[in-house]
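Student: Turn this into a structure:
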Amino acid sequence: MIILSVHNSADIYGSSRCLLRMMEPFVKDGHDVHVVVPCTGPLVGLLEEKGIKVHIHKNLAIVERTQFASFAGKVSLLWRYPVSTLWLIMLILRLKVDLVHTNTGVLPSPALAAKLTGRRHIWHIREFLSEFQSVWKIYQYYMCLFSTTVITISRTVQDQFAVGLQDRCIIVYDGLGEDAMTVNDDDVTRFRSSIGDTYLLIGVVGRIKWLRKGQEVLIKAAGLLRDKFPIARYVIVGSVAPGNQDHLTRLRELIHSLQLDDRVIFTGDVEDPKPLYAAFDVTVVPSVQPEPFGCVVMESMAAGTPVIGSRSGGIAEQIIDEKTGLLFAPGDEVDLARALERVMSDERLRLDMGCKSRQHFIETFRMEETYLRIDQIFRGESIQVTSSHWKALTRME
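Tutor: Residues are numbered from 1 along each chain as shown. Alright, predicted model coming up:
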């Protein structure tokens with residue numbers, strides 16, 4: 001099968017990594033995989049290393065927030081839409097593509113190009129688009145009309161569709177390969193030793209973003225626990241996006257005001273965070289705004305580390321509350337401090353949740369399961385759902 005997937009970026013973000021993980025097994029199974037991106041970037045080299053052919057189209061139509069803020073942006077999108085559709089039609093015909101896959105909801109052209117060339121089209125929705133209220137009311141019907149199947153990465157993402165359209169969607173959780181559970185013990189020991197072997201390590205991994213990713217909620221909770229747990233150290237892994245340096249400044253000011261300067265460690269971006277997950281006693285995912293999925297949760301579970309996450313979006317779909325981790329009210333530092341106190345004061349509970357976290361990952365979030373379901377969708381076959389996957393899908397009901 002010749003597969004053409006279209007993606008909106010050449011940078012390494014969550015959806016880019018998911019695309020890479022998803023397409024690699026298709027190549028290994030002998031399929032001819034092509035990916036279109038709007039520019040050069042680090043993703044291009046990683047794709048090519050896996051045997052995936054990359055095509056760059058600089059005029060790819062991408063729905064972005066900034067475009068709706070100006071008349072010129074809207075005009076640019078309207079111009080790029082037919083141009084990129086025509087370009088994709090020519091590429092589909094030249095490559096004799098069997099299936100078109102759109103890896104994100106912000107790319108309107110591939111669906112139309114697939115329709116006009118008589119190809120099956122799979123739309124992979126990884127984000128919330130309902131924030132564009134006026135456009136979303138129409139766009140969701142466009143998605144379903146021009147797609148053979150719409151894949152959503154969580155029930156939360158599916159729920160943004162109108163009730164009458166949700167039966168056109170299939171939930172497929174993102175997955176990780178077996179290597180997610182393989183960690184170099186020396187790297188883990190080295191990291192813990194750099195901070196102090198006797199400390200309890202509470203980690204948060206992700207882009208630093210005030211009022212969205214929730215690092216400030218964790219710091220406020222740490223302030224509440226400051227006197228009770230002097231051996232706790234809070235590790236913040238990640239950096240701010242370009243232009244958002246003030247988010248880091250505000251976070252540091254909050255840390256200083258709560259007298260936590262000696263308790264918080266910033267690592268910056270880490271290329272391979274697996275040893276850090278394994279070194280953490282607890283991972284916290286404190287997102288204030290709902291995450292479409294939140295890969296940090298399953299990455300931590302693969303390392304056998306329990307997760308305390310906000311009770312919202314895809315985060316809550318991955319954590320079995322009171323078993324593999326704990327859930328707390330989004331943005332509520334008191335509730336988070338309460339959950340942290342439970343696991344920080346009970347080593348047996350942490351170890352038990354860690355073991356159950358890894359088992360839950362093995363049963364539900366391995367790439368083999370994800371690939372099986374995606375492959376069935378790509379082939380147009382009926383989807384076979386394992387019992388563990390079904391339990392995960394129905395837990396939120």
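Student: and Tyr234, which of the three is it?
Tutor: Under DSSP: H, G, I helix; E, B strand; the rest coil, Tyr234 falls in the strand class.
Student: cool, Met353 as well?
Tutor: helix.
Student: Tell me where the model's unsure across the stretch 1-150 of the chain.
Tutor: 66-69, 131 (pLDDT under 70).
Student: List the contacts of Pro108.
Tutor: If you count contacts by C-beta atoms under 8 Å, 6 or more residues apart in numbering, Pro108 has them with 61, 63, 81, 139, 142. Every C-beta, even on glycine, is put in place using the N, C-alpha and C of the backbone.
Student: isn't there a strand covering the first one?
Tutor: No. Membership of Ala61 in a strand is not supported by three-state DSSP, which gives coil.
Student: Pretty sure it sits against Leu77.
Tutor: Yes. With contact defined as C-beta atoms under 8 Å, Ala61 reaches Leu77; the gap is 5.9 Å.
Student: Which one of the two is surrounded by more residues?
Tutor: Neighbour tally, Ala61 and Leu77, criterion other C-beta atoms under 10 Å: the higher count belongs to Ala61, 25 against 16.
Student: what sits against the more buried one?
Tutor: 77, 80-81, 83-85, 107-109.
Student: go with 7 Å
Tutor: Residues counted as contacts of Ala61 (C-beta atoms under 7 Å, 6 or more residues apart in numbering) are 77, 80-81, 84, 107-109.
Student: Met247 contacts Trp210, correct?
Tutor: That one is not Met; residue 247 is His. Yes. Between His247 and Trp210 there is a contact under C-beta atoms under 7 Å: 4.3 Å.
Student: the more surrounded of the two?
Tutor: More crowded of His247 and Trp210, by other C-beta under 10 Å: His247, with 21 against 18.
Student: Just the element for the more buried one, please.
Tutor: helix 245-257 (DSSP states H and E).
Student: same check, this time on Gly304
Tutor: With DSSP H and E as criterion, Gly304 is part of no helix or strand.
Student: doesn't Lys356 make contact with it?
Tutor: No. With contact defined as C-beta under 7 Å, Gly304 and Lys356 do not form a contacting pair (9.4 Å).
Student: what's the strand or helix carrying Thr267 in contact with?
Tutor: Per DSSP H and E, Thr267 falls inside strand 264-268. With C-beta under 7 Å, 6+ apart as the test, strand 264-268 has contacts from 195, 219, 233-237, 239, 255.
Student: rerun that using 8 Å as the cut-off
Tutor: Strand 264-268 is contacted from outside by 195, 219, 222, 233-239, 255, 276, using C-beta under 8 Å, 6+ apart.
Student: any idea which of those residues is the one closest to Asp11?
Tutor: Comparing these against Asp11 with C-beta to C-beta places Ser239 closest, at 13.3 Å.
Student: Checking the closest one next. Helix, strand or coil?
Tutor: coil.
Student: dump the residue contacts of the closest residue to it other than its chain neighbours.
Tutor: Nearest residue to Ser239 in three dimensions, chain neighbours excluded: Asp269, at 5.1 Å (C-beta to C-beta, 6 or more residues apart in numbering). Contact partners of Asp269, counting by C-beta under 8 Å, 6+ apart, are 237-239.
Student: thinking again about what came up before, save the contacts of Ala61 as CSV, and put in secondary structure and distance to Ser154 too.
Tutor: Shown next, in CSV, are these (DSSP: H, G, I helix; E, B strand; the rest coil; distance: C-beta to C-beta, whole Å):
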residue, secondary structure, distance to Ser154
Leu77, helix, 27
Arg80, helix, 29
Tyr81, helix, 28
Ser84, helix, 28
Leu107, coil, 20
Pro108, coil, 22
Ser109, helix, 25
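Student: got those as a markdown table, with distance to Asn184 columns?
Tutor: Shown next, in a markdown table, are those (distance: C-beta to C-beta, whole Å):
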| residue | distance to Asn184 |
| --- | --- |
| Leu77 | 46 |
| Arg80 | 45 |
| Tyr81 | 47 |
| Ser84 | 43 |
| Leu107 | 38 |
| Pro108 | 43 |
| Ser109 | 43 |
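Student: give me the number of residues near the closest residue to Arg379 other than its chain neighbours?
Tutor: Leaving out its chain neighbours, the residue that sits closest to Arg379 by C-beta to C-beta, 6+ apart is Met1, at 7.8 Å. Neighbourhood size, Met1 [other C-beta under 10 Å]: 14.
Student: isn't Met1 right up against Val97?
Tutor: No. Taking contacts as C-beta under 8 Å, Met1 lies outside contact range of Val97: 9.2 Å.
Student: Would it be right to say that Lys220 lies in a helix?
Tutor: Yes. With three-state DSSP as the criterion, Lys220 is part of a helix.
Student: for the nearest residue to it once chain neighbours are set aside, what are its contacts?
Tutor: Counting by C-beta to C-beta, 6+ apart, Glu333 is the residue found nearest to Lys220 once chain neighbours are left out, at 3.7 Å. Going by C-beta under 8 Å, 6+ apart, Glu333 touches 217-218, 220-221, 223-224.
Student: what about stretch 59-74, how long is it end to end?
Tutor: Using C-alpha to C-alpha, to the nearest Å, the gap from the first to the last residue of stretch 59-74 comes to 14 Å.
Student: List the buried residues in it.
Tutor: Neighbour counts over stretch 59-74 (16 or more other C-beta atoms under 10 Å) mark 60-63, 67 as buried.
Student: do the same with stretch 307-322
Tutor: Under 16+ other C-beta under 10 Å, the buried positions of stretch 307-322 are 307-320.
Student: Show me the residues you listed that map onto helices.
Tutor: Using DSSP state H, the subset of the buried residues of stretch 307-322 located in helices is 313-318.
Student: show me where the stretch 1-150 of the chain has strands.
Tutor: 2-6, 32-37, 53-56, 99-102, 120-125, 149-152 (DSSP state E, counting those that start in this stretch).
Student: same question but for the stretch 251-397 of the chain, I mixed them up
Tutor: Listed in chain order, the strands of the stretch 251-397 of the chain (DSSP E, counting those that start in this stretch) span 264-268, 282-285, 307-310, 325-328.
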